[in-house]
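Novice: sequence? don't have it. structure:
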């Protein structure tokens with residue numbers, strides 16, 4: 001399921017000479033959002049972008065538009081996590097861009113791929129409640 005986490009308001013500094021959203025700016029936002037998603041899922045701040053598949057610019061955004069970035073996990077590898085991304089106009093839900101595969105790899109301290117042991121999406125709230133429950137049981 002696609003989860004939309006981040007919203008961006010298109011400002012003058014985000015525009016290209018055609019007065020629409022500069023694709024490079026949008027790709028920067030996507031890479032950052034997807035990296036944060038992967039880091040949180042894999043619980044490893046040494047997670048890096050390995051691969052981004054073809055990028056499909058479906059429509060453009062203009063100054064004043066509010067867009068939202070959607071991320072969906074599609075596959076867990078041994079040390080990797082593959083995501084899918086869709087950016088849409090928040091108000092109209094018109095697609096702006098789709099990227100079918102963004103692959104992130106968890107690394108160890110030496111920069112080598114590190115197995116993460118994850119197989120499904122985890123939510124931080126669930127991790128925290130499990131941790132709190134475990135800490136409460138230890139104090140009993």
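Specialist: Perfect, thanks for sending it. Please read all numbers here as calculations on a predicted model, not as lab measurements.

Novice: from what I can see residue 50 touches residue 79, true?
Specialist: No. The criterion here is C-beta atoms under 8 Å, and residue 50 misses it with residue 79 at 9.5 Å. C-beta here means a position set from N, CA and C on the backbone, and glycine is covered the same way.

Novice: and the residue most central in space within the chain, what is it in contact with?
Specialist: In the chain, the centroid-proximal residue (C-alpha atoms, centre = their mean) is residue 34; its distance is 2.0 Å. Applying C-beta atoms under 8 Å, 6 or more residues apart in numbering to residue 34 gives the contacts 49, 71, 83, 85, 102, 104.

Novice: Show the buried residues in these.
Specialist: 71, 83, 85, 102, 104 (16 or more other C-beta atoms under 10 Å).

Novice: more crowded one of residue 50 and residue 79?
Specialist: Just comparing residue 50 and residue 79: by other C-beta atoms under 10 Å the higher neighbour count belongs to residue 79, 20 against 16.

Novice: Now do the contacts for the closest residue to that one other than its chain neighbours.
Specialist: Excluding its sequence neighbours, the residue lying closest to residue 79 (C-beta to C-beta, 6 or more residues apart in numbering) is residue 113, at 3.8 Å. Going by C-beta under 8 Å, 6+ apart, residue 113 touches 78, 79, 80, 105, 106, 107.
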